[in-house]
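Undergrad: need a structure here:
(one chain, ligands or ions: 2)
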Amino acid sequence: MRSIKNILVTGGAGYIGSHTYVELKEAGYTPIILDNFSNASRGVIDRLNTLFQDKPMVIEGDIRDTSLVEKTLVEHQCDAVIHFAGFKAVGESMAKPLKYFEVNVGGSERLLSAMKNVGLRKIIFSSSATVYGDPQELPIPEAHPLTSASVYGQTKLMVEEMLRAVYAADREWSICILRYFNPVGAHLSGLIGEDPTGVPNNLMPFISQTAIGRREKLSVFGNDYDTPDGTGVRDYIHVVDLAKGHVAALDLMATPHCTPINLGTGNGISVIEMINAFEAASGKKVPYEIVDRRPGDIAACYADATRARELMDWNAERSIHDMCIDTWRWQSQNPDGYN
Ligand code: NAD
Ligand code: UD1
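TA: Ligands and ions are numbered 1, 2, ... in the order given. Presented below is the predicted three-dimensional model:
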């Protein structure tokens, strides 16, 4: 059997996709990016070029374009797909549900159909810890019941269900469902990182934009949760560790299966602990005020990361300090992101 070499990376110009591109290249794979740049800057591609002195292979197009995807899979002799493409803003998903169902669910169906049409049955899918809802136990194992409080979360659950059904019908598929906890940080080079459009929804980009002076102060959403200091607790994972998790998952593509795997550190960190860690790493003050809870937020969420260790020999290695140092390097070298 041909070994896995050429990988189609949908959404490969995005935050997690671009970091995964780097780790794939470094591990000797040939990644081919398929992205419609609906939430990515073309500047990312220049940065990847700078990093490797090698022009990335990029197909500008949409995962819903079945004939383009089929043509790409065949022409580039793709051996597996890593599927990042989709939308991820929780608030927007509630306001524009059809946009999310169309791209996240419909787009994944189109992609899977294209793969099936050309006889390729190996896929790694980006799911999220959001499919666990408000956790009934901590740390959260993969067997935890699945539910969702947002349209975004529902789309992730629906694609997971679609993948399980595809595998039930055809046991030749090899499917890894990776459930990410909270990805943060940036590549050590400072060349690529997270560049959200508009006001960031997530904690880490808001902290770093406050530290650089783009935002006046951080709003801490509630300090009356049932957690040690009252602020929300999450499992932040360095995006480079997360990217390496995808490379590790490729080793599971040799045999048929359909397996959900948590990618997290297993450690919970509070908002206040993150602010303190960021101030220590950057030497900058992060002014903040405590405000009301954000609707839909949960108190605490962190992974049981045992399965990833047992199946893939993968562990998150980077500390909270590394996450803050690397975010700050990216933010201070690129105060306006890719622009
Ligand atoms: P991102 O928005 O930076 O990357 C997504 C990429 O997909 C973008 O480059 C965008 O241009 C592209 N894209 C969107 N729709 C497309 C389409 N129809 N055809 C082709 N390309 C399209 O997001 P990210 O943070 O890198 O997340 C990647 C994946 O991981 C997403 O599926 C997201 O839901 C999932 N995820 C992210 C997080 C997180 O906190 N970042 C957490 C859990 C899961
Ligand atoms: C959010 C999404 C989740 C998604 C995840 C991706 C919501 C309700 N949930 O989760 O579906 O999978 O991002 O990483 O949007 N916080 C502040 N001030 C801020 C921003 C955040 O105090 O300005 C707090 C939050 O209350 C939370 C923690 O920081 O306790 C982390 O928030 P965030 O980065 O948005 O991630 P999640 O809430 O875990």
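Undergrad: The one helix or strand Ile7 maps to pairs with which strands?
TA: Under the criterion of DSSP states H and E, Ile7 resides in strand 6-10. Applying DSSP bridges, strand 6-10 is found paired with strand 30-35 (parallel), strand 80-83 (parallel).
Undergrad: I'd like those laid out as CSV, including mean pLDDT.
TA: Formatted as CSV, those follow (pLDDT from 0 to 100):
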stretch, mean pLDDT
strand 30-35, 98
strand 80-83, 98
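Undergrad: Only the buried residues of the helix or strand harbouring Cys324, if you could.
TA: Cys324 is located in helix 320-333, with elements delineated by DSSP H and E. Across helix 320-333, burial judged by 16 or more other C-beta atoms under 10 Å covers 320, 322-331. All C-beta spots, glycine's among them, are computed from the backbone N, C-alpha and C.
Undergrad: Now do that helix: which elements does it pack against?
TA: The contact analysis (3 or more C-beta pairs under 8 Å, 6 or more residues apart in numbering; DSSP states H and E) places helix 320-333 against helix 203-211, strand 236-238, helix 271-282.
Undergrad: so which of those is the most packed in?
TA: Stretch with highest mean neighbour count among the helices and strands packed on helix 320-333: strand 236-238 (a mean of 25; mean count of other C-beta atoms under 10 Å).
Undergrad: so how far is it from its chain's centroid?
TA: 10 Å (C-alpha atoms, centre = their mean, to the nearest Å).
Undergrad: Give me the residues contacting that strand.
TA: With contacts defined as C-beta atoms under 8 Å, 6 or more residues apart in numbering, strand 236-238 is touched by 180-185, 204, 263-265, 269, 274, 316-318, 320, 322-323, 326.
Undergrad: Look at Val58 and tell me its secondary structure.
TA: strand (DSSP: H, G, I helix; E, B strand; the rest coil).
Undergrad: residues touching whichever residue of the stretch 101-250 of the chain sits closest to ligand 2, list them.
TA: Per C-beta to the nearest ligand atom, Gly232 is where the stretch 101-250 of the chain lies closest to ligand 2, at 2.0 Å. Each residue near Gly232 by C-beta under 8 Å, 6+ apart is listed here: 221-222, 225, 270-271, 297-300.
Undergrad: In strands, which of these appear?
TA: The strands in this structure, assigned by DSSP state E, contain 221, 270, 300 from the contacts of Gly232.
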